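Engineer: Provided below are the primary sequence and the corresponding predicted coordinates.
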Amino acid sequence: MFQKMLVLRCLRVDKVTNAMQDFVAHNIGQRFIEPQTADLGAVFRDSSPTTPLIFVLSVGTDPAASLYKFADEMKFSKKLNAISLGQGQGPRAEEMMQLAMDRGKWVFFQNCHLSPSWMPALERLIEHIDKEKVHRDFRLWLTSMPSPKFPVPILQNSSKMTIEPPRGIKANLLRSYVGFSSDFLESCSKPSEFKALLLSLCLFHGVTWERRKFGALGFNIPYEFTEGDLQICISQLKMFLDEYSDVPFKVLTYTAGHINYGGRVTDDWDRRCLMNILHDFYSPIVLQGEHSFSPSGIYHQFPESTEYKVYLDYIKGLPINDTPEIFGLHENANITFAQNETFSLLNGLLTMQPKSGSGKGRSREEVVSETANSILERVRDPLNLAAVVKKYPVQYEESMNTVLIQEVIRYNRLLGTVKRTLRDMLKALKGLVVMSAELEKMFNNLYDNAVPDIWAGKAYPSLKPLASWVSDLATRLEFIQLWVDKGIPTVFWISGFFFPQAFLTGTLQNFARREVISIDTISFDFEVVRTPASELKERPKSGCLIHGLFLEGARWNAENHELGESRPKELYTDMPVMWLKPTENRVAPKSGFYECPVYKTLQRAGTLSTTGHSTNYVVAVEIPSSQPQNYWIKQGVALLCALNY
């Protein structure tokens, strides 16, 4: 069975997690792959006044409600004191704990990870609990996200529970509706509208939360939407329905999309996606009794007079596993999700593997030494910058010369770092120099087929493993060398640029200087070229031709010359040559296109720059499409400069 998993890893990465589940179930039992619910009663029975009870949190979870409910069952609701830790809360928490130990109360310290400076004091307090003097009813409850600052002795001597958020639309809806009642559904002055919009809102919450699992196809950044966001939206929904004579969709959309949920969103393209999703759930059409939220009709609206029990029964009958249709995604999104899950799991296993081995075979040092020598042979020496500057001097009429010189400087800096660190590490392996912490980390990276951090800090964004990264670097340098030897290319390989934004700005500058107009008034028009890159022999009079981009979430339909649906199991497709044409005072078309963002890597997310865009973001291009924009927005369609293999 293990050998089959190795074959699956090579052929179908998306199926590896399922194979691992079968492997674990076959060898040690089914219960090890099934999610376990935290039974507070069982944990409490095994606890003692000197043993803390810790909830290990994950994103989107809050065990407070469960604990309050359990305290009520144990007749301790009036003897439970809670505090959320943070700056300045340490002394108050210490006083609360001392009082509880004397009087036999429960104390609940939430978010210990937010108060790392007070953790040593908490450790001392727990160590000094006297078994003979402490009240037998005293219990200490803690919650914390995984944190390196959390004291290890507390973890070792405590009862630990992991709290996982509900997975899937069904689980999210069920958690929300279990907290409602028939009286609550009828408590609004507009009960039919309230019921319909409440279901829509809960579905919207489930969709936004579950889109995270699809990685960048869902949102560029995995936002931590919580149950609190949903609760405040429900409160506002009820309040606005009571206060307004008509349903104020504009107000509801603004408060939910721009404040409660949108307040967490920091990426403009994610905000565009969120507002498009919200429009499907917060609009007059959802008030119709037969409205469907998905093409199959599995997720649908109910007539006005529907009772609370009908909603509950409907939710319990929903499929456990979500289909991508409810998210507006293509079926291929499930493959992307499964691949991401597999890579995450394998990376976790890789970090836990032993750093030394025994028995036959090559040692780690031999493997790394061979890898380092191979890279030194494959990676060329830095380019001759002086010769490039002489051949392509800075000219007012040709900004591409400046772009080339800047690219050579950046690549030379990277090549110098790669060569120097590899030679230093080989010397360290022979004992000629000291193996510093930096070199040791690089040694481990090379053994794991990962790009060393010291190189990544000097390099362009990339998600490729080491072997592919080295091949990609060599191809990029060939592109630059060809430019140096044969002159400005007819078609630019945009993926080969260290900093493609400078190249695009240079193209606009050339046009602005030739036409003697302000660069601020110029923007790009776009045309998808039917001729292959290999057959194009002349540069256009204005603008530039680019190739090397990949489409994710859709494909280019050459027959109809427009964006089309992805084929099954085809996650990425090549985009044809595009002509970027600088145009003065251009007015964008109203329809017939999709405004598609271009990113450097599959991750899409980056750090926010002063322009308000991610550093991974390059430009937005307009691609012909007969479908409306929101269709492709929900599918997460984007162009990428490089893949992860």
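Structural biologist: Structure received. Quick caveat, the model's predicted, so the values are computed rather than measured.
Engineer: and the spatially closest residue to S305 that is not a sequence neighbour, how far is that from L278?
Structural biologist: Once flanking residues are discounted, S305 sits nearest to S192: 7.7 Å by C-beta to C-beta, 6 or more residues apart in numbering. (Each C-beta comes from the backbone N, C-alpha and C, glycine too.) Distance, S192 to L278, by C-beta to C-beta, to the nearest Å: 21 Å.
Engineer: Name the residue in those two with the higher neighbour count.
Structural biologist: Neighbour tally, S192 and L278, criterion other C-beta atoms under 10 Å: the higher count belongs to L278, 22 against 15.
Engineer: Mind jotting down where the helices sit in the stretch 101-250 of the chain?
Structural biologist: Using DSSP state H, counting those that start in this stretch, the helices of the stretch 101-250 of the chain run over 119-127, 152-156, 169-178, 182-185, 191-210, 227-243, 249-254.
Engineer: Among those helices, which comes closest to N557?
Structural biologist: For N557, the closest of the helices of the stretch 101-250 of the chain is helix 191-210, at 27.6 Å, according to C-beta to C-beta.
Engineer: Am I right that D381 sits in a helix?
Structural biologist: No - according to DSSP: H, G, I helix; E, B strand; the rest coil, D381 belongs to no helix; its state is coil.
Engineer: List the residues that contact it.
Structural biologist: Listed by C-beta atoms under 8 Å, 6 or more residues apart in numbering, the contact set of D381 reads L415, K419.
Engineer: neighbours around the closest residue to V43 other than its chain neighbours, how many?
Structural biologist: Leaving out its chain neighbours, the residue that sits closest to V43 by C-beta to C-beta, 6+ apart is S159, at 5.3 Å. When neighbours are counted by other C-beta under 10 Å, S159 registers 15.
Engineer: Mind pulling the model confidence for S159?
Structural biologist: Note for S159: predicted pLDDT of 87.
Engineer: unless I'm mixing things up, it is touching R45, no?
Structural biologist: No - the pair S159 / R45 is not scored as a contact, 10.3 Å apart, by C-beta atoms under 8 Å.
Engineer: before we move on, back to that, and the helices of the stretch 101-250 of the chain, which is most packed in?
Structural biologist: Most buried of the helices of the stretch 101-250 of the chain, by mean neighbour count (mean count of other C-beta atoms under 10 Å): helix 191-210, with a mean of 22.
Engineer: just checking, what packs against it?
Structural biologist: When contacts are defined as 3 or more C-beta pairs under 8 Å, 6 or more residues apart in numbering; DSSP states H and E, helix 191-210 sits against helix 169-178, helix 182-185, helix 227-243, helix 268-281.
Engineer: how far is that helix from where the chain is centred?
Structural biologist: 24 Å (C-alpha atoms, centre = their mean, to the nearest Å).
Engineer: V13 contacts F343, correct?
Structural biologist: Yes - V13 is in contact with F343 according to C-beta under 8 Å; the separation is 7.3 Å.
Engineer: Could you check the pLDDT of G60?
Structural biologist: At G60, the model reports a pLDDT of 66.
Engineer: hmm, I was thinking of E132
Structural biologist: On the pLDDT scale, E132 gets 86.
Engineer: How about E552?
Structural biologist: 94.
Engineer: I'd like the next helix or strand past the biggest helix by length in the chain.
Structural biologist: Longest helix in the chain, counting residues (DSSP state H): helix 399-429. Downstream of helix 399-429, the next assigned helix or strand under DSSP states H and E is helix 437-447.
Engineer: List the buried residues of that following helix.
Structural biologist: Neighbour counts over helix 437-447 (16 or more other C-beta atoms under 10 Å) mark L439, M442, F443, N445, L446, Y447 as buried.
Engineer: Contact partners for the fourth one?
Structural biologist: With contact taken as C-beta under 8 Å, 6+ apart, N445 is in contact with V451, P452, D453, L466.
Engineer: one more time with 6 Å
Structural biologist: Applying C-beta atoms under 6 Å, 6 or more residues apart in numbering to N445 gives the contacts P452.
Engineer: Phi first, then psi, for F593.
Structural biologist: With angles defined as degrees, to the nearest 10, F593 sits at phi -150, psi 170.
Engineer: Determine the number of other residues adjacent to it.
Structural biologist: By other C-beta under 10 Å, 19 other residues sit near F593.
Engineer: pretty sure it is touching E622, no?
Structural biologist: Yes - counting by C-beta atoms under 6 Å, E622 is a contact partner of F593 at 4.3 Å.
Engineer: ok, now how distant is the residue nearest to V43 from S48?
Structural biologist: From S159 across to S48, the span is 9 Å (C-beta to C-beta).
Engineer: Do a quick rundown of the strands in the stretch 1-150 of the chain.
Structural biologist: For the stretch 1-150 of the chain, the strands defined by DSSP state E, counting those that start in this stretch occupy 53-56, 80-84, 106-110, 139-144.
Engineer: How about the stretch 451-600 of the chain?
Structural biologist: 491-493, 522-528, 544-547, 550-552, 555-557, 562-564, 572-574, 578-584, 593-599.
Engineer: Then the stretch 251-400 of the chain?
Structural biologist: Going by DSSP E, counting those that start in this stretch, the stretch 251-400 of the chain shows no strands.
Engineer: can you list the weak-confidence ranges in the stretch 151-300 of the chain?
Structural biologist: Within the stretch 151-300 of the chain, the segments meeting pLDDT under 70 span 166.
Engineer: no no, the chain
Structural biologist: Using pLDDT under 70, the flagged stretches of the chain are 34-38, 60, 166, 354-361, 608-614.
Engineer: how far away is the spatially closest residue to E325 that is not a sequence neighbour from D322?
Structural biologist: Leaving aside its sequence neighbours, E325 sits nearest to S294 (C-beta to C-beta, 6+ apart; 4.8 Å). Going from S294 to D322 by C-beta to C-beta gives 10 Å.
Engineer: circling back to that earlier point, which one of the helices of the stretch 101-250 of the chain lies closest to L6?
Structural biologist: Per C-beta to C-beta, nearest to L6 of the helices of the stretch 101-250 of the chain: helix 191-210, 31.1 Å.
Engineer: Export the closest one to CSV, keeping only CA atoms.
Structural biologist: Taking Å, rounded to 0.1, in the frame of the first residue of the first chain, the C-alpha atoms of helix 191-210 are listed here in CSV:
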residue,chain,number,x,y,z
PRO,A,191,-40.9,37.8,9.1
SER,A,192,-40.9,36.5,5.5
GLU,A,193,-38.1,38.8,4.4
PHE,A,194,-36.2,38.1,7.6
LYS,A,195,-36.3,34.3,7.1
ALA,A,196,-35.3,34.5,3.5
LEU,A,197,-32.4,37.0,4.1
LEU,A,198,-31.3,35.1,7.2
LEU,A,199,-30.8,31.9,5.2
SER,A,200,-29.0,33.9,2.5
LEU,A,201,-26.7,35.5,5.1
CYS,A,202,-25.8,32.2,6.7
LEU,A,203,-25.1,30.7,3.3
PHE,A,204,-22.9,33.7,2.4
HIS,A,205,-21.0,33.2,5.7
GLY,A,206,-20.5,29.5,4.9
VAL,A,207,-19.4,30.3,1.3
THR,A,208,-16.9,33.0,2.3
TRP,A,209,-15.4,30.8,5.1
GLU,A,210,-15.2,27.6,3.0
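Engineer: between that helix and helix 169-178, what angle do the directions make?
Structural biologist: Our comparison of helix 191-210 with helix 169-178, counting by axes from the mean of the first three to the mean of the last three C-alpha atoms, to 10 degrees, yields an angle of 140 degrees.
Engineer: Return the angle between stretch directions for helix 191-210 and helix 227-243.
Structural biologist: Going by the same axes, to 10 degrees, helix 191-210 is angled at 160 degrees with respect to helix 227-243.
Engineer: which residues touch helix 191-210?
Structural biologist: 169, 172-173, 176, 185, 188, 225, 230, 233, 237, 241, 247, 281, 286-287, 301, 304, 327.
Engineer: Could you do stretch 128-135 as well?
Structural biologist: Stretch 128-135 has contacts (C-beta under 6 Å, 6+ apart) with P49, T50, M101, G104.
Engineer: How many residues are close by L504?
Structural biologist: Neighbours around L504, by other C-beta under 10 Å: 22.
Engineer: could you measure it against P628, distance?
Structural biologist: In terms of C-beta to C-beta, L504 sits 27 Å off from P628.
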